[in-house]
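> Output the structure for:
(one chain, ligands or ions: 2)
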Amino acid sequence: MSSDAAPREQDILDALKKVEDPDLHKDIVSLNFVKDLKIDGGVVSFTIELTTPACPVKKEMEQWAREAVLAVPGVRDVRITMSAAVTRGAAGEGKQSVPGVKNLVAVGSGKGGVGKSTVTVNLAVALAQTGAAVGVLDADIYGPNVPLMMGIEGRPRAIGDRIQTLSNYGVRVMSMGFLTDRDDQPLIWRGPMLHSVIQQFIRQVDWGELDYLLVDLPPGTGDVQLSLTQTVPLMGAVIVSTPQDVALQDARKAISMFRQVRVEILGIVENMSYFQCPKCGERTHIFSHGGGAATASRYGVPFLGEVPLDVALREGGDAGKPVTALAPDSTAAEVFRGIARQVAAQVSIANAHNVGVVIE
Ligand SMILES: Nc1ncnc2c1ncn2[C@@H]1O[C@H](COP(=O)(O)OP(=O)(O)O)[C@@H](O)[C@H]1O
Ligand SMILES: [Mg+2]
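Ligands and ions are numbered 1, 2, ... in the order given. Model prediction:
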């Protein structure tokens, strides 16, 4: 073919078939990611629609596609639009999905105080920063910390019979903390009441259209947590642990609990992994080290990242200013963006499995 002739659509598609999604292990043409292909003389334009705006290899994928198409004889210019349509997760057997909410992801830990809410909030903000529509359901009815950590005060309104969320940093939130009078008054409720509150938070709250709804579960692996994971239509769970043996033991219990109710483990986050000296840069592993990664490999689940022990994280939490939003250049924010990309990738992989995409 002379290089002056306009390229044919089939040649472009053949070239794009060489571009593979590294997470789904399939080429982007077979995955149906290539849309709106137009050839105007030597100018080729198309859209690549990924399964998440938080795709870890978005830039690389664009570059690979550009190079592949530019190598086709007759192509002078390539114009690529990158977009994303988040895939919908399975609600789990016998569970009714939430209309408009594509993926309910639990953030769980066996033990309290390991930084579950801190991780939930920063993960939510990091996902929202990629352009995803994100919400947080604070299911920690007895210790609802999310409003404080997200810097949200006030009472939700109801429109008709739908309770409206309150938002900050681009994240929609619902929490028992919005509904109680005094935050120093612990709630003493028994299981069934707790369940009906969670059910209302899921079914009667106007979540709108969400790609990811993160559910900050109460700590522990007892009956309450078990039945919550059974009733909430979760597509997956992220486990938070510190590197300490006691916390890891509880993290293992949490993994078993989710597996028992067939909720996919999207991975483990190790929080308070190390302290980096702000003066000399030396890392100290205050709560031991490497336990999160070791546990992940032992259970065959992804390791999602290490969050440092960082005074700015604690201060940000107390002040309602998540570091990911307020200090985006900090190490902690960078770490959370990495975790967000990993979580989004794992959601996409799990959802691809569910619609029968064969992943080698
Ligand atoms: N990586 C971290 N560095 C510094 N402080 C942290 C970190 N993670 C959590 N914290 C602090 O530890 C306390 C407990 O964290 P929290 O997220 O409320 O835990 P959980 O929800 O598991 O009970 C909070 O005061 C929080 O600000
Ligand atoms: Mg908490």
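
> Show me which residues of the stretch 101-250 of the chain are close to ligand 1?
109, 112-118, 145, 219 (C-beta under 6 Å from any ligand atom). (Glycine included, C-beta is placed from N, CA and C.)

> okay, the residues you listed in JSON lines with pLDDT and distance to ligand 2 next?
Shown next, in JSON lines, are those (pLDDT from 0 to 100; distance: C-beta to the ion, whole Å):
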{"residue": "S109", "pLDDT": "92", "distance to ligand 2": "9"}
{"residue": "G112", "pLDDT": "88", "distance to ligand 2": "7"}
{"residue": "G113", "pLDDT": "90", "distance to ligand 2": "8"}
{"residue": "V114", "pLDDT": "93", "distance to ligand 2": "9"}
{"residue": "G115", "pLDDT": "95", "distance to ligand 2": "8"}
{"residue": "K116", "pLDDT": "96", "distance to ligand 2": "5"}
{"residue": "S117", "pLDDT": "97", "distance to ligand 2": "3"}
{"residue": "T118", "pLDDT": "97", "distance to ligand 2": "8"}
{"residue": "N145", "pLDDT": "93", "distance to ligand 2": "5"}
{"residue": "P219", "pLDDT": "87", "distance to ligand 2": "7"}
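
> Tabulate those (a markdown table), appending secondary structure and neighbour count.
Putting these into a markdown table (DSSP: H, G, I helix; E, B strand; the rest coil; neighbours: other C-beta atoms under 10 Å) gives the following:
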| residue | secondary structure | neighbour count |
| --- | --- | --- |
| S109 | coil | 29 |
| G112 | coil | 15 |
| G113 | coil | 11 |
| V114 | coil | 26 |
| G115 | coil | 23 |
| K116 | helix | 26 |
| S117 | helix | 26 |
| T118 | helix | 23 |
| N145 | coil | 20 |
| P219 | coil | 22 |
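
> send the alpha carbons of stretch 82-101 over as PDB?
C-alpha atoms of stretch 82-101 as PDB (Å, rounded to 0.1, in the frame of the first residue of the first chain):
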ATOM      1  CA  MET A  82      -9.800   9.000  26.900                       C
ATOM      2  CA  SER A  83     -13.000   8.300  28.800                       C
ATOM      3  CA  ALA A  84     -14.300   5.800  31.300                       C
ATOM      4  CA  ALA A  85     -17.500   4.000  32.100                       C
ATOM      5  CA  VAL A  86     -17.200   2.200  35.400                       C
ATOM      6  CA  THR A  87     -18.600  -1.400  35.200                       C
ATOM      7  CA  ARG A  88     -21.300  -2.600  37.600                       C
ATOM      8  CA  GLY A  89     -20.500  -5.100  40.300                       C
ATOM      9  CA  ALA A  90     -22.600  -8.100  41.300                       C
ATOM     10  CA  ALA A  91     -24.600  -7.500  44.400                       C
ATOM     11  CA  GLY A  92     -24.100 -11.000  45.700                       C
ATOM     12  CA  GLU A  93     -26.500 -13.900  45.700                       C
ATOM     13  CA  GLY A  94     -30.000 -13.100  46.800                       C
ATOM     14  CA  LYS A  95     -29.200  -9.400  47.400                       C
ATOM     15  CA  GLN A  96     -31.000  -6.600  45.700                       C
ATOM     16  CA  SER A  97     -28.600  -4.100  44.100                       C
ATOM     17  CA  VAL A  98     -29.000  -0.400  44.600                       C
ATOM     18  CA  PRO A  99     -30.200   1.400  41.500                       C
ATOM     19  CA  GLY A 100     -27.700   4.000  40.400                       C
ATOM     20  CA  VAL A 101     -24.900   2.700  42.600                       C
END
